[in-house]
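>>> Prediction below, plus the sequence it came from.
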Amino acid sequence: MDLSVIAFWSFSTLAVLSAIGVVFFKNIIYSVLSLISTLIMVSGLFFTLGAELVGALQILIYAVAIVVFYVLVISTVPEYKGKAIDPKYMLLSLPVGFLLFLELAYVSVYGAWASNTGIFKPEVLNEIGNVKAVSTILFTKFLFPFEVASLILLVAMIGAIILGRKEQVMDEEEVK
Amino acid sequence: MVKVRYVERPTLSTVEKIFFIDFVYGLKTTIRNFFRKTITTIYPKEKLVPPKRFRGTHAHRAKDGNEPPSFVVLAKFMEIHDYESRCVACYMCQQACPMPTLFKIEAEQLPNGKKRVTTFDMNLLNCLYCGLCVDACPVDCIIMTDEFENAGERRNQCVIHKDDMTERGISFDRRRGNEPDRIWIDDKAREKLWGQIEWT
Amino acid sequence: MELIGVILGLVVKSVIFVIGMFLLAAYLTLVERKFAGHIQQRPGPLHVGFHGLLQPIADALKVITKEDLVPDFVDKLLFYMASLLAFVPAIMILAVIPFGEKITLFGYELKPYITDLNVGLILALALGSISIYGVIFAGWASNSKYPMIGGLRKAAVLIGYEVALGFALVGPIMMAGSFSLREIVEAQQGFFGAFIWYQPIAFIVFLFAILAETGRTPFDVQEAEAELVSGYNTEYSGMKFGLFPLAEWYIATFVLSAIAVILFFGGWNGPHIFGPFSSYIWFLLKLGIVFMFLLWVHWTLPRYRVDQITELAWKVMLPLTFINIFLTAFIVVIKG
Amino acid sequence: MPWIKEEKLETLKRLFPNIKIECNEKISSIEVEKGQILEILEFLKTSEDFGFQMFIDFTCVDYPLHKPRFQGVYILYSPEFKERIVVKTWATDDTLPSLIHLWKGAKWAEREAYDMFGVTFEGHDNLVRMFMWEGYKYFPLRKDFPKEGIADTYLPSLNEPENSIPSHDYNPYHTQLPTIEDLENTEKKRFEKKQAQIVLNWGPLHPGTHGTIWFLFDMEGEVIKHCDIILGQLHRGIEKLSEDLTYTQIIPYTDRMDYISAICSNVAYVNAVEKLLDIEVPEKAKWIRTMMCELQRINSHLLWLGTFALDLGALTIFLYTFREREKLMDIIEGIAGIRLNSSFMRIGGVRYDLPEGALDVIKHFTKDFPSKIKEYETILTKNRIWQRRNIGVGVIKEEDVYQYGLTGSVARGSGVPYDIRMLQPTDAYDKVDFEIPLGTVGDSYDRYLVRMEEMKQSLEIVKQCVKQLEKIKDDKYLATDNPYVLPTLQETFISIEAMVKDFNLRIYGEQTPEGEIYLSGENPRGELGFFIVSKGEGKPYRLRIRSGAFYNLQVFPELIEGRTIADAVVLLGSLDPVVGETDR
């Protein structure tokens, strides 16, 4: 058995277990904790697969930056509200979850062959490094989607600033 | 003459803001102190000698031949041996005390018609250490010494009695009786904080 | 067999690093206390050992043997986990930090780092920021108002400074052309090769970010003792409490100072005047200076208010880093 | 400061014929009927001829045999004419109209009167207990409440074993103490219902509150929407205790009010008693008092600066100020005998003459101190963090100063030149030169600047005092010729007359003439006034202590609303209350 194989299986088992935890924990903070755990385990998978950049970014962006916002929001919500479970939504979530699962399965089964494997062979990767590989792809083949995404984010940011401003102005008017 | 003046509010100029001049000055001050000598008295090892006026634990002066004239008058009615407390049981200390119950003074009449102090207890837990009892004593008996380490674990350990007060008084007079009324004894430990003072 | 050998080697190395770090962190407390003492014209710890040299050990014994109080109504699991969550990632950063050049001793090649990843810097940042969950969960799990406010404050501060910190690092990375800490050091040769001369703005932002990240004054809002008693760790006691300052004030500060040395001061580069250990000595010397500077700042300045901190992060620090990235990119492109 | 002139009161009497005027050099008071009180007070406040805009104090006096029983006493000040007036009225049916619409500062004073006397106030918006807890049955300052309280609660000592012999005055029974339920009720009574998310109990024991003050913050996130303060954790009933003590015996209690500036409190009290007894203090004692007061003021301001900086995170300043404070403490210890509660003043002078070398040490200190002040200022004054934390926090307007009766550095920080040392110079303050710094904006930063400047000015006064004291070395320090002044020990030892006088004064107290007096001193925390009602006995019939910190703290809830908890620390630090004085 290779070390990386052990690592792969343990990471993926833990990832699945924590993902189950996200769904089934009744305490909302524990769910978030499992979510963090899932994300870190997934980044571990990336590391074992040699995609160090993606792994590190996974932790930095998903496990920290985004989940911190979740935690911020959740911490301010009173506990009794976080604990409420409505069985109606649970029933609704079953078919939706199943559909999502089907979609993911389709993508992973067909997409695995359809994707750009083979542009960067492991030897090439070792030579130029993960970062350069990712950036090369990003700024050549996927330049247009990348720019569009940036534009959308910019618009979203400006929108957020404007929304935030408005509230402040309204507050001041109320005071007057 | 009293004058009235508005204080000016200092502000930071742009240059000071950009180059963090305010922080730099602050940091300079602290690092300058870093290289100064420490001023701490390392307490259990070094002890400052309290000034002679220090109001510490109470004591009784003994009959040792240095009594004031008033004692000579009052002592006629008292049975006091040499090197015993000068207390004449006049209760003035208790009268002067803002918290009179902390005293417990008892005296008995001897067959020869003289009075003798049997008990003189002070519960220092209730003491304000204001020194009014010292001011009130007409025979220079009750004094306050320079002892201050008198913590106890039980309430009754904080009660002082006539005999140990007399003992303390004798030792205080022996140690510091001849000292002039000075602000404090100039010693090395105080120099750490004060540096060299020019005495006149 | 080979596999076991590799694992064993890694374990031994990690254990050495972790124990070394524990001891180091313990002695960093002494350094801080002595430094703070002398800045305040008092001698600091004095009685345990020669000039307090055994004080950290006495402190460790005290903290470990202290009664471990867990209040009622806390979330027990999270309450225990939070202190570990703060401590473990902080110490994990060590995995990617190189402390000097490889040396050969008695025929063995000694690498002064656990692993040299080509994305080492990002990983270090990622792990460093994970430890804030410790603070946030400690605040939440304590089920008490002061820790809660402390935890939320820390989160608010960190979101701001994490971003500024990330962008501040882009300048040196662009100049070095790599994320690997070792390669960044190798890119700075000579006295004037150090990136501090080219990236002063990034350095200032980075300094502020270290102070914010490690919760030192002027950014110690999460445990501002005058406002929040002790902030997020109010309900903690014993070793569970001890891990927080150890992680935040000492290990995190130490590790981030190490990154600062690597990024801005040329790491272990320096004249080979100390023989084979020259690189280690240079590195530790520089690290010590940066660490002391942080202490110096801590013991001089007052504390910002939390909204002023976030304002500073978003309105001053972040734009500054953008300017820095733009300028660096411009110069890198021109110079080729 | 002069009291209002009799002629002026005559013009008032023409408008309100029912008032009774009582004027002498000690106090000028008018007695009005209860029905007219609001009308007259409003007239006094708004009329341009009188202009008594500033609220100084309100209290009650209990006359159990008189009907109606309680007398309300208002003390007002006119900033325009620099005069004071005392207005008295009798509380028929134990009620008085509330003044909270005229002066906001009356709110707490009325609550205190309710708490201590059981007088109710019509129109008061929240008449709850001030110092005692809800559910306490008694009104302690009434004359029929015993001084030692009603010992009905069994509370044995924890470190006293069952079988051991306790000390002679040990009593396991105590006066009633609040239980947890009582405290919860007290808290509930303050906030009828919470308006925002959480109620934060800031105190009673909290590092930021500088003592045992209990703040209740109703908070939305970190923003305080509503605030209330529960005082009384350090309430020892000094006013009640002093009704059973001779005038000399009260001196140690005044130490323990504002324990950071004991000498200033001593001097303020002793001056009031001396004025009541018409004692002329020897010149040397006056200079010593002034010098000690100013040293104590520097000491107090240093403690303020240290703790204020500590609250704002600058721990090093705290230890720097304590370095200088230690020197001042050494000086005070060497002269008075004790560092903190020095009880150095006596009626008619000071307790001891200055010891040998005292002036040398003080001179050494005055030489050294300016450089240290500079040190604090370099670290703080222009520091951007310090400025951002302080500027604009807790802006007190001039109107608020009058409304709340704010005094001391808080008033001066808002630009009101209210300084007792200038308005009513006691001791040697009329012979020294100094400046009174005033703020322009009235925020926390101004109060900081004012206090820093005050320290420098105090140092100037100390220098002048030292110069003067070197000239009058051989003067008397205690006016022992006066029949009301206790003789010194040396006199008692040699003369039988002195001993008899000593015995008399100790046992019966200083037999003051019947009358009233209000005299105040400039404490570092504001105006510390003593209103003494004397019935010709050796003890005061009623001793009201007008504490500066009590009134200064009262403005806190209004200023903090809408600000964060971090600002609460700054604001509280800049108001600088000492709980020993607010609770007394």
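Cool, got the structure. Numbering: from 1, shown residues only, chains lettered A, B, ... in the order given.
>>> Up against chain A, what does chain D have?
Residues of chain D lying close to chain A by Cβ under 8 Å from any Cβ of the partner chain are residue D:221. Any C-beta I mention is one placed from the backbone N, CA and C, and that applies to glycine too.
>>> and the residue of chain D nearest chain A?
Going by Cβ to the nearest Cβ, chain A is nearest to residue D:221 of chain D, at 7.8 Å.
>>> Before we move on, what's the pLDDT of that residue?
For residue D:221, the pLDDT comes out at 73.
>>> One more: the one 4 residues further on?
Confidence at residue D:225, expressed as pLDDT, is 83.
>>> Can I take it that it is in a strand?
Yes - when DSSP: H, G, I helix; E, B strand; the rest coil is applied, residue D:225 is found to be in a strand.
>>> Could you report the neighbour count for it?
For residue D:225, the number of neighbouring residues by other Cβ atoms under 10 Å in any protein chain shown comes to 16.
>>> Could you list which residues are in contact with the closest residue to residue C:18 other than its chain neighbours?
Nearest in space to residue C:18, with sequence neighbours left out and distances taken as Cβ to Cβ, 6 or more residues apart in numbering or on different chains, is residue C:91 at 6.1 Å. Residue C:91 makes contacts with C:18, C:21, C:247, C:251, as judged by Cβ atoms under 8 Å, 6 or more residues apart in numbering or on different chains.
>>> and if we set it to 7 Å?
Residues touching residue C:91, when contacts are defined by Cβ atoms under 7 Å, 6 or more residues apart in numbering or on different chains, comprise C:18, C:21, C:251.
>>> ok, residue B:139 touching residue B:74?
Yes - checked against Cβ atoms under 7 Å, the pair residue B:139 and residue B:74 is within contact range at 6.0 Å.
>>> Please identify every residue contacting each of the two.
Taking Cβ under 7 Å, 6+ apart as the contact criterion, the common neighbours of residue B:139 and residue B:74 are residue B:88.
>>> At the geometric centre of the chain, which residue sits there?
The chain I'm using is chain A. In chain A, the C-alpha closest to the average C-alpha coordinate belongs to residue A:62, at a distance of 5.1 Å (Cα atoms, centre = their mean).
>>> Let me rephrase: I mean chain B.
Within chain B, one residue has its C-alpha closest to the average C-alpha position: by Cα atoms, centre = their mean, that is residue B:55, at 1.8 Å.
>>> what secondary structure does that one sit in?
When the structure is reduced to helix, strand and coil (three-state DSSP), residue B:55 reads as coil.
>>> In this structure it contacts residue D:339, no?
No - in this structure, residue B:55 sits apart from residue D:339 without contact. The criterion is Cβ under 7 Å, and the distance is 10.0 Å.
>>> if we can go back for a sec, so between residue B:139 and residue B:74, which is more surrounded?
Under the criterion of other Cβ under 10 Å, the comparison of residue B:139 against residue B:74 puts residue B:139 first, with 26 against 19.
>>> Whichever residue of the stretch 151-300 of chain C sits closest to chain B: neighbour count?
With distances taken as Cβ to the nearest Cβ, the stretch 151-300 of chain C approaches chain B most closely at residue C:300, which sits 4.6 Å away. As a burial measure, residue C:300 scores 24 neighbours (other Cβ under 10 Å).
>>> show me what contacts it?
Each residue near residue C:300 by Cβ under 7 Å, 6+ apart is listed here: B:26, B:27, B:30, D:316, D:379.
>>> Just the buried residues of those.
Members of the contacts of residue C:300 that pass the buried threshold by neighbour count (16 or more other Cβ atoms under 10 Å in any protein chain shown) are listed as B:26, B:27, B:30, D:316, D:379.
>>> So for the closest residue to chain C within chain D, what's the pLDDT?
Chain D approaches chain C most closely through residue D:313 (2.8 Å), counting by Cβ to the nearest Cβ. As predicted, residue D:313 sits at a pLDDT of 83.
>>> Then residue B:51?
pLDDT for residue B:51: 86.
>>> Quick one: low-confidence residue ranges for chain A.
For chain A, the stretches flagged by pLDDT under 70 are A:1, A:75-90, A:111-130, A:164-176.
>>> Point me to the residue of it nearest chain B.
Evaluated by Cβ to the nearest Cβ, chain A has residue A:161 as its residue closest to chain B, separated by 25.3 Å.
>>> residues near that residue, how many?
Using other Cβ under 10 Å, residue A:161 is surrounded by 10 other residues.
>>> in a strand, that's where it is, yeah?
No - if the criterion is three-state DSSP, then residue A:161 is helix and not within a strand.
>>> State the distance from it to residue A:73.
19 Å (Cβ to Cβ, to the nearest Å).
>>> Could you list the buried residues of the longest helix anywhere in chain C?
Using DSSP state H, we find that the single longest helix of chain C is helix C:2-39. By 16+ other Cβ under 10 Å, the buried positions in helix C:2-39 come out as C:13, C:17, C:21, C:25-26, C:28-39.
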